[in-house]
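In: I need the structure of the sequence given here:
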Amino acid sequence: MILYSAILILSVFISALSQVLLKKSALKSYASFIREYLNFYVIPAYAIYFLAVFLDLLALRKVPVSFVPVAEASSYIFVLLFGRIFFKETFSKRKILAMILILAGIIVFVV
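Out: Alright, predicted model coming up:
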């Protein structure tokens, strides 16, 4: 079960990476509608997201359903950290508090 729990967390991590690529694409302007959806960022983002969904479904075969919302909640932390790393976004007090509450919830559930 530990292996499948790790696969579930990996799928959440990969999904957050695909969101970074989609945001990078959204921050650019494109000459045409087709270029907006068929470009260097969007196509790999959806391929990565497809991999994340595949891993998610694989993990759901063995992971208890009660653990899934806890693992999915970690995506908010990954997105905030990736925003800081890739887009130089700042953490407001509310974001820091939200991260602490999410981490506390995950720790309470796991312990």
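In: per-residue pLDDT, the nearest residue to L51 once chain neighbours are set aside?
Out: Nearest residue to L51, sequence neighbours excluded (Cβ to Cβ, 6 or more residues apart in numbering): I14, at 6.0 Å. Yep, even glycine has a C-beta here, placed from its N, CA and C like the rest. I14 carries a pLDDT value of 95.
In: so what's I14 up against?
Out: By Cβ atoms under 8 Å, 6 or more residues apart in numbering, the contact set of I14 is I48, Y49, L51, A52, L55.
In: Out of these, which sit inside strands?
Out: With DSSP state E as the criterion, strands contain none of the contacts of I14.
In: Out of the residues you listed, the closest to K88 would be?
Out: Nearest to K88 among the contacts of I14 is I48, at 22.2 Å by Cβ to Cβ.
In: element containing A31?
Out: Assigned by DSSP states H and E, A31 belongs to neither a helix nor a strand.
In: Give the residue farthest from the middle of the protein.
Out: A31 (28.8 Å; Cα atoms, centre = their mean).
In: now that one: how far from L55?
Out: For A31, the distance to L55 (Cβ to Cβ, to the nearest Å) stands at 35 Å.
In: Ends of stretch 34-50, what's the gap?
Out: 21 Å (Cα to Cα, to the nearest Å).
In: Not counting sequence-adjacent ones, nearest residue to I9?
Out: In space, and not counting its chain neighbours, I9 is closest to A71: 5.6 Å by Cβ to Cβ, 6+ apart.
In: and the one you found, what is it in contact with?
Out: S5, L8, I9, V12, V63.
In: ok so, going back, contacting residues for the residue farthest from the centre of the chain?
Out: A31 touches nothing, counting by Cβ under 8 Å, 6+ apart.
In: circling back: what residues sit buried inside the helix or strand hosting the residue nearest to L51?
Out: Element membership of I14, judged by DSSP H and E, is helix 2-26. Buried positions in helix 2-26, judged by neighbour count with 16 or more other Cβ atoms under 10 Å: 4-5, 7-12, 14-25.
In: Check stretch 58-71 too.
Out: A59, L60, V63, F67, V68, V70, A71.
In: Out of those residues, the closest to I102 would be?
Out: Taking Cβ to Cβ as the measure, I102 sits nearest to V70 out of the buried residues of stretch 58-71, at 9.5 Å.
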